[in-house]
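Q: Here is a sequence with its predicted model. Questions after.
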Amino acid sequence: MRIATSMIFERSVNAMLDKQSRLSTTQMQLASGERLLSPEDDPVAAARVQDLDREIGTVTQYQRNAERAGGRLALEDTSLSGAVDVLQRVRELTVQASNDTLTASDRLAIAHEVRQLRDELFGLANTRDANGEYIFSGLKGDTPAFSDAGGGSYPYNGDLGQRTLRIAYDRQIADGDHGDAVFGHIPTRLDADGDGTVDGNGYRNVLETLDLLAQALDGSPLPAPGSGNTAEDARHIPNYLVEIDAAMGNLLDVRAKAGARQNAIDNQQQAHDDFLLVMQKARSDEQDLDYAEAVSRFQQQLTALQASQESFAKIQDLSLFKFL
């Protein structure tokens, strides 16, 4: 069998190109830190990595949802804490105003502070999150939860919806509470017919209660029968105290439930963190490069390529034309 010079050259070149390709692959692996540069490198491992990436992506989205829900609930807790402080101060003032020894001037001063506290509570009820959404407006985040309609009326403008976020495959959690459940639906305690007994029938929100309390303190005409005389209208103050206590109890109840949801989110996030650690370790085992093995292989491939190049250089000299 005759071996042509061109065949020798072709085989030598192909061998060098193959070695250069393998060396280049190793260099890219070392640069990227990844063992799998394409699915054909290890089809089974590549399929496993795709499955792990999908699982990691899903859990990561759950974590983002949990973080958003936790942030909203933390903001709600801050607002509710402020609201409780406001009502606690109002309660102290109401107890103080119940003292028969107070003068009309004293009650006017208390009424002024109650109105200031009402305005502070109004601001807390219209708290916005980082996206500018009103957290107590239910699903109508772009609408202020409460508005001042004048005449002591503070209507709720949101809806009764409650936004939920999925924080796990089979778990959703509410990221807030609507304002009617937080600040509204306080049973009225006003003596409507002036006979000294509580016969008020209906509900109002705590903002309206504070406004009525201020009116009773400074002698402004009340919606219910009353002359507007401070001494007469002050008899309603104990009834407002009952409403304030009911509002505080409701706020504390809502806050406790929000805190329970926050704890549930924290526990779920911890579970996700543990799961992600396991998944990322499994992905690393499939995808990441063993640098010690890769560097050793690189040196071997480089040496083999250099040897091929030197051999080819010597083979080039094995031609009859050189001796003619």
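A: Alright, I've got the coordinates.
Q: tell me which strands and helices the helix or strand containing residue 256 is in contact with?
A: Element membership of residue 256 [criterion: DSSP states H and E] is helix 237-287. On a contact count with 3 or more CB pairs under 8 Å, 6 or more residues apart in numbering; DSSP states H and E, helix 237-287 meets helix 43-97, strand 164-168, strand 171-174, helix 179-183, strand 186-187, helix 206-218. C-betas here are computed from N, CA, C, even on glycine.
Q: Tabulate those (TSV), appending distance to residue 276.
A: Conversion of the helices and strands packed on helix 237-287 to TSV gives the following (distance: least, CB to CB, whole Å):
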stretch	distance to residue 276
helix 43-97	6
strand 164-168	13
strand 171-174	16
helix 179-183	35
strand 186-187	45
helix 206-218	43
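Q: Pick out the shakiest of these, pLDDT-wise.
A: Sorting the helices and strands packed on helix 237-287 by mean pLDDT places strand 186-187 lowest, at a mean of 82.
Q: ok, the helix or strand following that one: who's next to it in the sheet?
A: Per DSSP H and E, the first helix or strand lying C-terminal to strand 186-187 is strand 203-204. Strand 203-204 has its sheet partners listed here by DSSP bridges as strand 186-187 (antiparallel).
Q: still on that earlier bit, residue 245 is nearest to which of the helices and strands packed on helix 237-287?
A: helix 43-97 (7.1 Å; CB to CB).
Q: and the closest one with strand 164-168, angle?
A: 130 degrees (axes from the mean of the first three to the mean of the last three CA atoms, to 10 degrees).
Q: now the angle from helix 43-97 to helix 206-218?
A: Using the same axes, to 10 degrees: helix 43-97 against helix 206-218 is 10 degrees.
Q: which is the next helix or strand following helix 43-97?
A: Counting by DSSP H and E, what follows helix 43-97 is helix 104-125.
Q: which of the residues in that next one are buried?
A: Residues 107, 109-111, 114-115, 117-118, 120-122, 124-125 are the ones in helix 104-125 that count as buried (16 or more other CB atoms under 10 Å).
Q: Least confident of those?
A: Here the lowest pLDDT out of these sits on residue 107, with 87.
Q: Hmm, residue 97 and it touching each other?
A: Yes. Taking contact to mean CB atoms under 8 Å, the distance of 5.8 Å between residue 107 and residue 97 places them in contact.
Q: And stretch 55-67, what's buried?
A: Going by neighbour count (16+ other CB under 10 Å), the buried part of stretch 55-67 is 56, 59, 62-63, 65-66.
Q: Nearest to residue 155 among the helices and strands packed on helix 237-287 would be which one?
A: It is, among the helices and strands packed on helix 237-287 and with distance given as CB to CB, helix 206-218, at 9.3 Å.
Q: any idea of the angle the closest one forms with helix 104-125?
A: 170 degrees.
Q: In the protein, where is pLDDT below threshold?
A: 1-27, 29-42, 189-201, 219-236, 288-295, 297-298, 301-302, 304-324 (pLDDT under 70).
Q: Relative to residue 263, how far out is residue 59?
A: In this view, residue 59 and residue 263 are 20 Å apart by CB to CB, to the nearest Å.
Q: ditto for residue 164
A: Taken as CB to CB, the span from residue 164 to residue 263 is 17 Å.
Q: Neighbour count for these two, which is higher?
A: Between residue 164 and residue 263, residue 164 has the larger neighbour count (other CB atoms under 10 Å), namely 14 against 11.
Q: Provide a list of residues in contact with the more buried one.
A: Residues in contact with residue 164 (CB atoms under 8 Å, 6 or more residues apart in numbering) are 172-175.
Q: any idea how far the spatially closest residue to residue 269 that is not a sequence neighbour lies from residue 166?
A: In space, and not counting its chain neighbours, residue 269 is closest to residue 66: 5.1 Å by CB to CB, 6 or more residues apart in numbering. Remark: distance between residue 66 and residue 166 (CB to CB) = 9 Å.
Q: I'd assumed residue 270 was in contact with the residue nearest to residue 269.
A: No. Using CB under 8 Å, residue 66 makes no contact with residue 270, being 10.2 Å away.
Q: what's the neighbour count on residue 43?
A: 11.
Q: roughly how far apart are it and residue 52?
A: For residue 43, the distance to residue 52 - CB to CB - is 15 Å.
Q: Number of residues surrounding residue 286?
A: Residue 286, neighbours per other CB under 10 Å, totals 17.
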